[in-house]
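Q: Quick one, fold the following:
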Amino acid sequence: LVAEMIALDQWEKTPNQPILLGAITTGSIWQFARLERQTQQITQGLESYRVPEDLEQLMRILVAALTV
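A: Numbering: from 1, shown residues only. Take a look at the predicted model:
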């Protein structure tokens, strides 16, 4: 996930988007990370979210990411 976020930052030079959010999934397990573009700092979540066990929390995260 970290390598993909760094590559996206290099490829997509949209200055009005200071934060990139990333997700990686196997379909049943999800993980998330956040890249602060100005400082090049990546914060990767320690939690893994499982489907269907954590579906409600996973959906809240995805909806919140869309409203940023």
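
Q: Do you have the strands of this structure handy? List them.
A: 19-25, 29-36, 41-44, 49-50 (DSSP state E).

Q: Out of these, which gets nearest to Thr67?
A: strand 19-25 (11.1 Å; CB to CB). The C-beta positions use only the backbone N, C-alpha and C, and glycine is treated the same way.

Q: pLDDT (mean, whole number) over that closest one?
A: In this model, strand 19-25 has a mean pLDDT of 94.

Q: oh, and call the first residue 29 from now on, that's how I've got it
A: Understood, numbering begins at 29; the last thing we discussed is strand 47-53.

Q: Buried residues of it, list them for me.
A: By 16 or more other CB atoms under 10 Å, the buried positions in strand 47-53 come out as Leu48, Leu49, Gly50, Ala51.

Q: could you dump the strands of the chain to a markdown table with distance to Val96?
A: What follows is the strands of the chain, written out as a markdown table (distance: least, CB to CB, whole Å):
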| stretch | distance to Val96 |
| --- | --- |
| strand 47-53 | 7 |
| strand 57-64 | 10 |
| strand 69-72 | 14 |
| strand 77-78 | 18 |
